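> after the sequence you'll find the predicted model.
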Amino acid sequence: MKTEKELKRLNKYLEYTEDLLSDETVRSMTQYHHHREVTTHFHSVYVSYTVFRMCDRLKPKYERQIIRASLLHDFYLYEWYTEKHDEYHIWYHPKQAVKNIEEHFGKMSDMQRNMVMSHMFPACRENPHSIGAWLLTVADKYCATADYTGSSKKFIPVYEEINRRTMS
Ligand SMILES: [Fe+2]
Ligand SMILES: [Fe+2]
């Protein structure tokens, strides 16, 4: 988190997401566990930053919409290990995330809704329909694996800098 290039990149990510990251309900994801001790908040920031890095190379249309939907893809807002720890969580949580996003932040575009609904592909009812949806489902799997293997720890310095700038 030191080079000028990294700081420039972080600033661009925050241009897209700062208002969401400063939101109290988004912050509340820090209290929910997503992958063992990894919180839903850490995972969501990590996934959206990974999608953001992919967009840097691919330059898709609607980059801002893609990053914002990626940040909120697991906005289901419950402790699934104790409250809904069963096979239905996999099917249920994207739908709950869409409901919560639209209640808190207003209607998403069709592309964003499909991104959230299909992020568990192929274990979901909707298939990805856009480059953003494909980037999200790939990044989600990559980051989930990194969460479980512990390699997501390398993202901690970036995560802490993002929190320092948005939670003060
Ligand atoms: Fe998910
Ligand atoms: Fe996820």
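That came through fine. Numbering: from 1, shown residues only. Ligands and ions are numbered 1, 2, ... in the order given.
> what does this protein put close to ligand 2?
Listed as neighbours of ligand 2 in the chain under the rule C-beta under 5 Å from the ion: 74, 140. For the C-beta atoms, the positions are set from N, CA and C on the backbone; glycine is no exception.
> ranges for the helices of the chain?
Using DSSP state H, the helices of the chain run over 4-21, 24-27, 40-58, 63-71, 88-105, 110-117, 131-149, 156-166.
> can you add mean neighbour count and give those helices back as a markdown table?
Rendered in a markdown table, the data for the helices of the chain read as follows (neighbours: other C-beta atoms under 10 Å):
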| stretch | mean neighbour count |
| --- | --- |
| helix 4-21 | 15 |
| helix 24-27 | 14 |
| helix 40-58 | 21 |
| helix 63-71 | 22 |
| helix 88-105 | 16 |
| helix 110-117 | 22 |
| helix 131-149 | 19 |
| helix 156-166 | 15 |
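> quick check: which of these is nearest to residue 33?
When the helices of the chain are ranked by distance to residue 33, counting by C-beta to C-beta, first place goes to helix 40-58 at 7.3 Å.
> any stretches of this structure with poor pLDDT?
Flagging of the chain using pLDDT under 70 yields the residue ranges 1, 84-87.
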